[in-house]
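K.L.:
Provided below for reference: sequence and predicted model.
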Amino acid sequence: MGNQQQVVLGVIGSLLAYFIWGLLPLYWKLTEEVGALETLAHRVVWALLFMLILLIITRQLQATTKEIRLIFKKRKTAIAITAAAVFISINWFVFIFAVNSDRVIEASLGYYINPLMNVLLATVFLKEKLSRNEIIAVAFAFVGVVIMTVYYGYFPWAAFVLALSFCIYGLIKKLVPIGVLTGLTIEHC
């Protein structure tokens, strides 16, 4: 497959993922009678089953199992990946709860706050430096989020929990050397 085909497939995949992500609140709303914790439990169980089937079909089960064993032999790595799983579970739970509690706008605000927190964590923990133009862009985004938060009328706790939990999850995943399939499998155990 040529480089241009990979780019096109990547763009199509990204658009499809964002389309599905945009429809997700409608799906979670249909499950509101079940409760956020039970819905999360179903998501974890069915996602783990999906991962196992995917690993079997792609013949990656043995390699992934071996990587999982190696990860849990290293205490620091095991704690980090377990923490990542906890943070993404918090994120999923709060998102489902927010949608089922008619706080979709608040949940959406969390995804505006998220990039700002990503920048903050990257500069603090990864020692990344921002250019002058990037600082100006972040400042404008920050002002926009402050205005949206004030306009919201009360402290949007779900938005901040969503943003913070996803940022910490992302930071851990950036710092812990682990395969994609292995990480996804562990997160659903």
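P.N.:
Noted; the coordinates are in hand.

K.L.:
contacting residues for the residue nearest the centre of the chain?
P.N.:
Centroid-nearest residue in the chain, with Cα atoms, centre = their mean: Phe166, separated by 4.8 Å. Contacts for Phe166 (Cβ atoms under 8 Å, 6 or more residues apart in numbering) come out as Phe87, Ile88, Asn91, Gly110, Asn114. All C-beta spots, glycine's among them, are computed from the backbone N, C-alpha and C.

K.L.:
as CSV, those with secondary structure, distance to Thr77 and pLDDT would be great.
P.N.:
Converted to CSV, those look like this (DSSP: H, G, I helix; E, B strand; the rest coil; distance: Cβ to Cβ, whole Å; pLDDT from 0 to 100):
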residue, secondary structure, distance to Thr77, pLDDT
Phe87, helix, 16, 96
Ile88, helix, 17, 94
Asn91, helix, 21, 95
Gly110, helix, 28, 89
Asn114, helix, 25, 91
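
K.L.:
ok, and the most crowded of those residues?
P.N.:
Gly110 (25 neighbours; other Cβ atoms under 10 Å).

K.L.:
could you find the closest non-adjacent residue to that residue?
P.N.:
Sequence neighbours aside, Leu162 is the residue nearest to Gly110 in space, at 3.2 Å (criterion: Cβ to Cβ, 6 or more residues apart in numbering).
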